[in-house]
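> how would this look folded up:
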Amino acid sequence: MEDKFSKASIRLDVLGLFLAGLNNTFLALLVAVIIHGPGTTANQPDLLLRASWITENAVLWKAGWLFWFAPTLTFSWSYFALGRHLDSAREWRNLAIGVALIAAAVDIVGVLVNLTVLPEIAQEVVETISGPDPTLLVLFQSIEKFANNLTNIGGFGLYSLAGVLILPSVFATSDYPRILAWLGAVEWTISLIATGLLIVAPSAATIPLVVSFILYAPWVWGSGIWIYRKSSRSEFLD
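Okay, here's the model as predicted:
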(Lines give C-alpha, C1' and ligand atoms only; values in the text may rest on other atoms or scores of the structure.)
Protein backbone atom coordinates (compact mmCIF):
# COMPACT_ATOMS: atom_id res chain seq x y z
CA MET A 1 0.00 0.00 0.00
CA GLU A 2 2.85 2.39 0.86
CA ASP A 3 4.58 1.68 -2.46
CA LYS A 4 1.35 2.26 -4.36
CA PHE A 5 0.71 5.50 -2.48
CA SER A 6 4.28 6.61 -3.10
CA LYS A 7 3.94 6.04 -6.84
CA ALA A 8 0.63 7.87 -6.90
CA SER A 9 2.04 10.83 -4.99
CA ILE A 10 5.03 11.04 -7.33
CA ARG A 11 2.73 11.06 -10.35
CA LEU A 12 0.73 13.82 -8.67
CA ASP A 13 3.90 15.86 -8.11
CA VAL A 14 4.92 15.46 -11.75
CA LEU A 15 1.40 16.39 -12.87
CA GLY A 16 1.48 19.47 -10.64
CA LEU A 17 4.75 20.65 -12.16
CA PHE A 18 3.49 20.01 -15.69
CA LEU A 19 0.27 21.95 -15.06
CA ALA A 20 2.20 24.78 -13.39
CA GLY A 21 4.33 25.25 -16.50
CA LEU A 22 1.37 24.98 -18.85
CA ASN A 23 -0.82 27.39 -16.89
CA ASN A 24 1.72 30.01 -15.92
CA THR A 25 3.84 30.17 -19.07
CA PHE A 26 1.24 29.64 -21.76
CA LEU A 27 -2.40 29.82 -20.69
CA ALA A 28 -2.00 32.71 -18.23
CA LEU A 29 -0.18 34.78 -20.85
CA LEU A 30 -2.90 33.96 -23.38
CA VAL A 31 -5.65 35.07 -20.99
CA ALA A 32 -3.79 38.23 -19.95
CA VAL A 33 -3.09 39.39 -23.51
CA ILE A 34 -6.06 38.17 -25.53
CA ILE A 35 -9.00 37.81 -23.12
CA HIS A 36 -8.26 40.55 -20.58
CA GLY A 37 -6.12 42.75 -22.82
CA PRO A 38 -8.72 45.34 -23.94
CA GLY A 39 -9.78 45.89 -20.33
CA THR A 40 -6.31 46.48 -18.90
CA THR A 41 -4.17 49.59 -18.63
CA ALA A 42 -1.41 47.89 -20.63
CA ASN A 43 -3.57 47.75 -23.78
CA GLN A 44 -6.10 50.52 -23.15
CA PRO A 45 -4.89 53.68 -21.39
CA ASP A 46 -8.31 55.37 -21.54
CA LEU A 47 -10.18 54.69 -18.29
CA LEU A 48 -13.66 55.15 -19.74
CA LEU A 49 -12.94 52.76 -22.62
CA ARG A 50 -11.58 50.17 -20.17
CA ALA A 51 -14.71 50.43 -18.05
CA SER A 52 -16.92 50.17 -21.13
CA TRP A 53 -15.10 47.10 -22.42
CA ILE A 54 -15.32 45.35 -19.03
CA THR A 55 -19.04 46.10 -18.83
CA GLU A 56 -19.76 44.97 -22.39
CA ASN A 57 -17.68 41.83 -21.97
CA ALA A 58 -18.46 41.06 -18.34
CA VAL A 59 -18.90 37.30 -18.90
CA LEU A 60 -15.58 37.03 -20.74
CA TRP A 61 -13.84 39.19 -18.13
CA LYS A 62 -15.16 37.10 -15.24
CA ALA A 63 -14.41 33.81 -17.02
CA GLY A 64 -10.81 34.91 -17.46
CA TRP A 65 -10.46 35.72 -13.78
CA LEU A 66 -12.12 32.44 -12.80
CA PHE A 67 -9.46 30.69 -14.86
CA TRP A 68 -6.81 32.64 -12.94
CA PHE A 69 -7.39 30.41 -9.95
CA ALA A 70 -5.68 27.62 -11.94
CA PRO A 71 -2.35 29.44 -12.43
CA THR A 72 -2.46 30.64 -8.81
CA LEU A 73 -3.04 27.20 -7.32
CA THR A 74 -0.64 25.33 -9.61
CA PHE A 75 2.06 27.97 -9.05
CA SER A 76 1.91 27.48 -5.28
CA TRP A 77 1.50 23.71 -5.70
CA SER A 78 4.72 23.51 -7.74
CA TYR A 79 6.86 24.59 -4.76
CA PHE A 80 5.57 21.72 -2.64
CA ALA A 81 5.72 19.24 -5.55
CA LEU A 82 9.39 20.02 -6.11
CA GLY A 83 10.38 20.93 -2.57
CA ARG A 84 9.53 17.59 -0.96
CA HIS A 85 11.98 15.85 -3.31
CA LEU A 86 14.87 18.12 -2.33
CA ASP A 87 16.82 16.33 0.39
CA SER A 88 19.08 19.14 1.62
CA ALA A 89 18.73 22.61 3.17
CA ARG A 90 15.19 21.75 4.23
CA GLU A 91 14.74 24.92 6.26
CA TRP A 92 15.04 26.96 3.04
CA ARG A 93 12.70 24.59 1.21
CA ASN A 94 10.06 24.88 3.94
CA LEU A 95 10.40 28.66 4.04
CA ALA A 96 9.96 28.81 0.26
CA ILE A 97 6.79 26.71 0.43
CA GLY A 98 5.41 28.94 3.19
CA VAL A 99 6.09 32.13 1.21
CA ALA A 100 4.48 30.54 -1.88
CA LEU A 101 1.32 29.86 0.13
CA ILE A 102 1.23 33.50 1.26
CA ALA A 103 1.73 34.54 -2.37
CA ALA A 104 -1.26 32.42 -3.39
CA ALA A 105 -3.41 34.05 -0.70
CA VAL A 106 -2.44 37.56 -1.84
CA ASP A 107 -2.99 36.60 -5.47
CA ILE A 108 -6.44 35.16 -4.74
CA VAL A 109 -7.56 38.41 -3.06
CA GLY A 110 -6.54 40.29 -6.19
CA VAL A 111 -8.37 37.79 -8.39
CA LEU A 112 -11.55 38.14 -6.32
CA VAL A 113 -11.41 41.95 -6.52
CA ASN A 114 -11.03 41.77 -10.30
CA LEU A 115 -13.75 39.14 -10.53
CA THR A 116 -16.44 40.63 -8.28
CA VAL A 117 -15.74 44.27 -7.43
CA LEU A 118 -14.22 45.86 -10.54
CA PRO A 119 -17.05 44.87 -12.96
CA GLU A 120 -19.60 46.45 -10.59
CA ILE A 121 -17.67 49.72 -10.43
CA ALA A 122 -17.18 49.62 -14.22
CA GLN A 123 -20.95 49.29 -14.65
CA GLU A 124 -21.51 52.37 -12.49
CA VAL A 125 -18.95 54.30 -14.52
CA VAL A 126 -20.63 53.34 -17.81
CA GLU A 127 -24.07 54.38 -16.55
CA THR A 128 -22.76 57.91 -15.93
CA ILE A 129 -20.46 58.02 -18.97
CA SER A 130 -22.30 61.02 -20.49
CA GLY A 131 -21.47 63.03 -17.38
CA PRO A 132 -18.67 61.18 -15.56
CA ASP A 133 -18.56 61.52 -11.78
CA PRO A 134 -14.94 62.35 -10.83
CA THR A 135 -15.28 60.49 -7.53
CA LEU A 136 -16.53 57.38 -9.30
CA LEU A 137 -13.67 57.55 -11.78
CA VAL A 138 -11.14 57.82 -8.95
CA LEU A 139 -12.80 54.86 -7.21
CA PHE A 140 -12.62 52.72 -10.37
CA GLN A 141 -8.98 53.59 -10.94
CA SER A 142 -8.10 52.96 -7.28
CA ILE A 143 -9.80 49.55 -7.21
CA GLU A 144 -8.13 48.68 -10.50
CA LYS A 145 -4.68 49.62 -9.19
CA PHE A 146 -5.29 47.83 -5.90
CA ALA A 147 -6.25 44.57 -7.66
CA ASN A 148 -3.36 44.80 -10.12
CA ASN A 149 -0.86 45.48 -7.35
CA LEU A 150 -2.09 42.44 -5.45
CA THR A 151 -1.70 40.08 -8.43
CA ASN A 152 1.16 41.62 -10.41
CA ILE A 153 3.34 42.93 -7.59
CA GLY A 154 2.26 41.27 -4.33
CA GLY A 155 1.52 37.78 -5.60
CA PHE A 156 4.14 37.63 -8.35
CA GLY A 157 6.77 39.25 -6.15
CA LEU A 158 6.22 36.75 -3.33
CA TYR A 159 6.31 33.84 -5.79
CA SER A 160 9.63 35.20 -7.06
CA LEU A 161 10.94 35.48 -3.50
CA ALA A 162 9.84 31.89 -2.85
CA GLY A 163 11.74 30.86 -5.98
CA VAL A 164 14.91 32.48 -4.68
CA LEU A 165 14.42 30.89 -1.25
CA ILE A 166 14.16 27.38 -2.70
CA LEU A 167 17.45 27.73 -4.59
CA PRO A 168 19.70 26.75 -1.62
CA SER A 169 17.84 23.44 -1.41
CA VAL A 170 18.06 23.01 -5.17
CA PHE A 171 21.81 23.55 -5.26
CA ALA A 172 22.37 21.46 -2.13
CA THR A 173 20.57 18.42 -3.61
CA SER A 174 23.43 16.48 -5.18
CA ASP A 175 21.49 14.68 -7.90
CA TYR A 176 19.43 17.66 -9.01
CA PRO A 177 20.69 18.61 -12.51
CA ARG A 178 23.06 21.58 -12.38
CA ILE A 179 21.71 23.01 -15.61
CA LEU A 180 18.22 23.12 -14.07
CA ALA A 181 19.59 24.64 -10.88
CA TRP A 182 21.22 27.49 -12.81
CA LEU A 183 18.14 27.87 -15.00
CA GLY A 184 16.12 28.33 -11.81
CA ALA A 185 18.63 30.88 -10.51
CA VAL A 186 18.35 32.91 -13.71
CA GLU A 187 14.55 32.58 -13.75
CA TRP A 188 13.99 33.85 -10.22
CA THR A 189 16.62 36.59 -10.43
CA ILE A 190 14.92 37.97 -13.54
CA SER A 191 11.52 37.63 -11.83
CA LEU A 192 12.72 39.69 -8.86
CA ILE A 193 14.09 42.33 -11.22
CA ALA A 194 10.74 42.39 -13.03
CA THR A 195 8.93 42.86 -9.71
CA GLY A 196 11.14 45.81 -8.82
CA LEU A 197 10.54 47.38 -12.22
CA LEU A 198 6.77 46.92 -11.82
CA ILE A 199 7.05 49.10 -8.73
CA VAL A 200 9.39 51.86 -9.95
CA ALA A 201 9.16 51.74 -13.77
CA PRO A 202 6.25 49.57 -15.01
CA SER A 203 6.90 50.38 -18.67
CA ALA A 204 10.37 48.81 -18.42
CA ALA A 205 9.11 45.58 -16.85
CA THR A 206 7.66 44.00 -19.99
CA ILE A 207 10.80 42.28 -21.31
CA PRO A 208 11.91 40.83 -17.93
CA LEU A 209 8.35 39.60 -17.31
CA VAL A 210 8.16 37.86 -20.69
CA VAL A 211 11.59 36.27 -20.17
CA SER A 212 10.59 35.04 -16.71
CA PHE A 213 7.38 33.53 -18.12
CA ILE A 214 9.34 31.80 -20.89
CA LEU A 215 11.93 30.32 -18.51
CA TYR A 216 9.41 29.07 -15.95
CA ALA A 217 7.96 26.17 -17.97
CA PRO A 218 11.35 24.59 -18.88
CA TRP A 219 12.40 24.82 -15.23
CA VAL A 220 9.34 23.15 -13.70
CA TRP A 221 8.99 20.64 -16.54
CA GLY A 222 12.66 19.73 -16.25
CA SER A 223 12.19 19.34 -12.49
CA GLY A 224 9.20 17.07 -13.11
CA ILE A 225 11.25 14.90 -15.45
CA TRP A 226 14.01 14.71 -12.83
CA ILE A 227 11.52 13.56 -10.17
CA TYR A 228 10.04 10.94 -12.51
CA ARG A 229 13.45 9.56 -13.54
CA LYS A 230 14.64 9.56 -9.94
CA SER A 231 11.63 7.50 -8.85
CA SER A 232 12.10 5.13 -11.79
CA ARG A 233 15.72 4.52 -10.82
CA SER A 234 14.68 3.84 -7.23
CA GLU A 235 12.10 1.28 -8.38
CA PHE A 236 14.70 -0.42 -10.57
CA LEU A 237 17.21 -0.65 -7.71
CA ASP A 238 14.53 -2.04 -5.41
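
> okay, CA-based contacts and neighbour counts for the rest of this
Fine.

> which helix or strand contains residue 53?
Here residue 53 sits within helix 47-56, counting by DSSP states H and E.

> quick check: next helix or strand after that helix?
Using DSSP H and E, the first helix or strand after helix 47-56 is helix 58-67.

> looking at the protein, which helix is longest?
helix 206-237 (DSSP state H).

> re earlier: in the helix holding residue 53, what's buried?
Buried positions in helix 47-56, judged by neighbour count with 16 or more other Cα atoms under 10 Å: 47-55.

> TSV for those, including distance to residue 208 and pLDDT?
Output for the buried residues of helix 47-56, formatted as TSV (distance: Cα to Cα, whole Å; pLDDT from 0 to 100):
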residue	distance to residue 208	pLDDT
47	26	94
48	29	93
49	28	94
50	25	95
51	28	95
52	30	95
53	28	95
54	28	96
55	31	95
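
> including distance to residue 69, could the residues you listed go into JSON lines?
Converted to JSON lines, those look like this (distance: Cα to Cα, whole Å):
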{"residue": "47", "distance to residue 69": "26"}
{"residue": "48", "distance to residue 69": "27"}
{"residue": "49", "distance to residue 69": "26"}
{"residue": "50", "distance to residue 69": "23"}
{"residue": "51", "distance to residue 69": "23"}
{"residue": "52", "distance to residue 69": "25"}
{"residue": "53", "distance to residue 69": "22"}
{"residue": "54", "distance to residue 69": "19"}
{"residue": "55", "distance to residue 69": "21"}
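
> and which of those is nearest residue 231?
Lowest distance from residue 231 to the buried residues of helix 47-56 (Cα to Cα) belongs to residue 54, with 47.6 Å.

> which residues touch the closest residue to the closest one other than its chain neighbours?
Distances taken as Cα to Cα, 6 or more residues apart in numbering put residue 39 closest to residue 54, at 5.7 Å, once the chain neighbours are dropped. Listed by Cα atoms under 8 Å, 6 or more residues apart in numbering, the contact partners of residue 39 are 49-51, 53-54.

> so what secondary structure elements neighbour the helix or strand of the chain with the lowest mean pLDDT?
Ranking every helix and strand in the chain by mean pLDDT, DSSP states H and E puts helix 2-21 at the bottom, with a mean of 82. If you count contacts as 3 or more Cα pairs under 8 Å, 6 or more residues apart in numbering; DSSP states H and E, helix 2-21 packs onto helix 69-83, helix 206-237.
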